[in-house]
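Trainee: Pasting the sequence and the predicted coordinates here, then a few questions.
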Amino acid sequence: MVDEHQNDDFQSPDLVPLESEAIPSSPESEAVPLSPESDVPYDTIIIGAGMSGLAAGIRLAYYDQRVCLLEKHYTIGGLNSFYRLNKRDYDVGLHAVTNFTEKGAKKGPFSRILKQLRFKWEDFALAPQKYSRVVFPSTSLVFNNDISLLTSEVERAFPERRDSWQLLLGQITEYDDLEQAAFEISARQRLQELLVDPLLINMLLCPLMWYGNPREHDMAWGQFCIMFRSIFLEGFARPYKGVRLILKNLIKRFRSLGGELKLRHGVSRILVEGGKAIGVELDDGRKLFGKRVLSSAGHLETLRMCEDVSEPDPRTAGQMSFIESISVLDRQPTQIGYDETIVFFNDSDDFCWAPPERDLCDLRTGVICSPNNYAYGEGYENLPEGIIRLTSIASYDRWNQLDEPHYQLEKMRWYDRSIESCVRFIPDFRPFVVDTDMFTPTTIRRFTWHDNGAVYGAPDKKLDGTTHLPNVFLCGTDQGFVGIIGAMMSGISMANIHCLRDE
């Protein structure tokens with residue numbers, strides 16, 4: 001186990017997760033003794049109470065499965081969680097919910113989630129983005145949740161690519177999400193064949209890589225198609241109260257259906273007998289037994305838990321990790337001239353997507369987002385304080401090598417440097433900052449247990465969710481879908497395919 005910084009961002013005494021709001025008090029969340037000898041085995045044991053694990057648990061509980069959801073930490077959500085610091089509430093990871101569809105829509109991942117989990121559109125209370133921008137030195141592309149705007153922008157900036165743009169849209173629409181062979185094709189190669197223009201290719205890759213690509217330099221064609229549809233064909237939105245509203249509704253529904261959630265119950269081993277999993281051993285040595293295991297821990301991390309597998313190859317782990325800062329302002333961002341929802345920036349026509357080789361961070365590219373700049377609509381006031389989130393590429397190895405004093409110093413240094421980089425592309429908000437917080441790759445490692453703090457998991461996805469064991473399955477990031485909606489769709493799909501088929 002990697003030695004983490006003991007006083008890392010989310011561990012300070014005044015930083016308390018909002019368990020009272022997100023997770024209603026219940027005996028299942030307490031570390032109570034278990035007696036597996038007298039317990040009936042679970043139908044499904046789910047590792048990880050992130051979005052995919054919660055969605056899978058709800059789906060299975062609807063079919064009267066006895067489901068146990070195990071979470072190593074003291075709160076739910078994984079990297080899509082929230083915390084409280086200095087009497088302020090902060091989302092972790094949430095810039096936007098992708099795959100947005102308007103109320104009443106019958107198609108798309110979000111509509112399928114509502115149907116499969118039996119929620120109403122109002123339970124998520126999503127407000128669409130106003131508009132966002134991809135900005136490179138020579139031009140920019142503005143887009144919103146209507147693809148016609150991006151189409152007009154591409155035709156304006158790249159008029160000679162009008163026909164090839166329409167051809168690209170057709171191929172993306174026809175792409176099959178679960179076709180493994182087509183998934184692995186190089187996106188850069190396919191885009192070069194279709195679009196030719198390297199600047200347009202880089203401008204399309206930039207936001208899609210930022211919001212869902214674990215592969216360095218290039219992107220799998222399947223991942224490109226999935227992300228293109230989720231961002232450009234469907235779009236961005238945000239719940240008014242942030243991710244806590246989604247988590248609160250998910251956990252309330254899971255428990256109402258009889259699901260068991262056990263916080264602070266990490267899994268040390270997946271128990272194997274006769275070529276099949278028979279249950280799990282917890283970090284404290286206790287054992288739980290079940291018919292099958294569904295893991296959102298990641299492919300490499302799940303293999304590492306299996307007692308029939310020697311140490312898996314660590315080179316298969318993802319490398320892409322980030323720092324993210326949150327700046328609280330004494331005014332709304334629109335009052336200083338910043339009204340875009342999200343800005344994806346890159347300071348040259350060449351776009352590099354890889355961990356920095358010589359420094360802690362790479363500030364040439366980044367993402368700027370304001371949760372204030374969504375169209376919350378009638379009945380919703382804007383958030384009481386202005387908030388600007390900034391994300392930059394970072395090296396897990398270099399951050400993890402720092403001792404505690406240097407770690408804290410580097411956090412302050414890179415906060416200043418990253419903000420200096422981002423105000424090249426939006427109005428300078430530094431005079432109006434009243435509070436800040438920041439997390440690093442080691443924080444991500446602590447709360448997801450992904451090797452290298454890899455936010456989007458391993459480069460090679462297991463689209464069918466299978467492992468070497470016939471009753472151990474993957475869901476979440478390493479199955480292939482990313483983001484809040486993607487993660488929930490992954491949990492539902494894998495539950496349907498692997499955990500309900502034999503019922």
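Mentor: Thanks, I have the structure now. Every value quoted in this text rests on a predicted model; they were computed, and no experiment measured them. Residues are numbered from 1 along each chain as shown.

Trainee: Now do the helices in the stretch 251-400 of the chain.
Mentor: 299-305, 396-400 (DSSP state H, counting those that start in this stretch).

Trainee: And the last one, what does it pack against?
Mentor: It refers to helix 396-400. helix 441-448 (3 or more C-beta pairs under 8 Å, 6 or more residues apart in numbering; DSSP states H and E). C-beta: built from backbone N, CA, C; applies to glycine.

Trainee: and the helix it packs on, what's its mean pLDDT?
Mentor: Across helix 441-448, pLDDT averages out at 89.

Trainee: Next: stretch 488-503.
Mentor: Rounded mean pLDDT across stretch 488-503 is 91.

Trainee: Not counting its own residues, what contacts it?
Mentor: Here stretch 488-503 makes contact (C-beta atoms under 8 Å, 6 or more residues apart in numbering) with 43-44, 51-57, 59-60, 63, 65, 109, 112-113, 116-117, 292, 294, 296, 464-466, 473-476, 479-481.

Trainee: Buried subset of these as a PyMOL selection?
Mentor: In PyMOL syntax, the buried subset of the contacts of stretch 488-503 is picked out as below (16 or more other C-beta atoms under 10 Å):
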select buried, resi 43+44+51+52+53+54+55+56+57+59+60+65+109+112+113+116+117+292+294+296+465+473+474+475+476+479+480+481
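
Trainee: Which of the contacts of stretch 488-503 fall within strands?
Mentor: Asp43, Thr44, Arg292, Leu294, Phe473, Leu474 (DSSP state E).

Trainee: In stretch 290-309, which residues are buried?
Mentor: 290-306.

Trainee: Please enumerate the strands of the stretch 151-300 of the chain.
Mentor: Counting by DSSP state E, counting those that start in this stretch, the stretch 151-300 of the chain has strands at residues 237-239, 260-262, 267-273, 276-282, 287-295.

Trainee: Distance to Ser230 added to these, as CSV?
Mentor: Shown next, in CSV, are the strands of the stretch 151-300 of the chain (distance: least, C-beta to C-beta, whole Å):
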stretch, distance to Ser230
strand 237-239, 11
strand 260-262, 28
strand 267-273, 30
strand 276-282, 32
strand 287-295, 23
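
Trainee: Nearest to Glu122, out of these?
Mentor: Nearest of those to Glu122, taken as C-beta to C-beta: strand 237-239 at 10.8 Å.

Trainee: So what touches that closest one?
Mentor: By C-beta under 8 Å, 6+ apart, strand 237-239 touches 94, 96-97, 100, 124-129, 145, 245-246, 371, 374.

Trainee: 10 Å instead, please
Mentor: Contacts to strand 237-239, defined as C-beta atoms under 10 Å, 6 or more residues apart in numbering, come from residues 91, 94-102, 110, 123-129, 145, 245-247, 249, 341, 369, 371-376, 484-485.

Trainee: Now tabulate the helices of the stretch 251-400 of the chain in JSON lines and tack on mean pLDDT and distance to Leu208.
Mentor: Output for the helices of the stretch 251-400 of the chain, formatted as JSON lines (pLDDT from 0 to 100; distance: least, C-beta to C-beta, whole Å):
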{"stretch": "helix 299-305", "mean pLDDT": "93", "distance to Leu208": "22"}
{"stretch": "helix 396-400", "mean pLDDT": "97", "distance to Leu208": "22"}
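
Trainee: secondary structure class for Gly93?
Mentor: coil (DSSP: H, G, I helix; E, B strand; the rest coil).

Trainee: which regions of the stretch 251-400 of the chain sit below the pLDDT cut-off?
Mentor: Judged by pLDDT under 70, the stretch 251-400 of the chain has no weakly predicted residues.

Trainee: So which of the contacts of strand 237-239 sit within strands?
Mentor: Those of the contacts of strand 237-239 lying in strands (DSSP E): Asp91, Leu126, Ala127, Pro128, Cys369.

Trainee: pLDDT weak spots in the stretch 401-503 of the chain?
Mentor: For the stretch 401-503 of the chain (pLDDT under 70), the answer is 502-503.

Trainee: Walking through it, point out its helices one by one.
Mentor: Under DSSP H, counting those that start in this stretch, the stretch 401-503 of the chain gives helices at 404-422, 441-448, 483-494.

Trainee: Report all helices and strands that the shortest one contacts.
Mentor: Contacting helix 441-448 under the criterion 3 or more C-beta pairs under 10 Å, 6 or more residues apart in numbering; DSSP states H and E are the following elements: strand 321-329, strand 386-394, helix 396-400.

Trainee: ditto for the first one
Mentor: The helices and strands touching helix 404-422, judged by 3+ C-beta pairs under 10 Å, 6+ apart, are strand 321-329, strand 342-346, strand 361-369, strand 386-394, helix 396-400, strand 433-439.

Trainee: Save the ones you listed as CSV, and put in mean neighbour count too.
Mentor: Formatted as CSV, the helices and strands packed on helix 404-422 follow (neighbours: other C-beta atoms under 10 Å):
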stretch, mean neighbour count
strand 321-329, 22
strand 342-346, 23
strand 361-369, 22
strand 386-394, 23
helix 396-400, 20
strand 433-439, 17
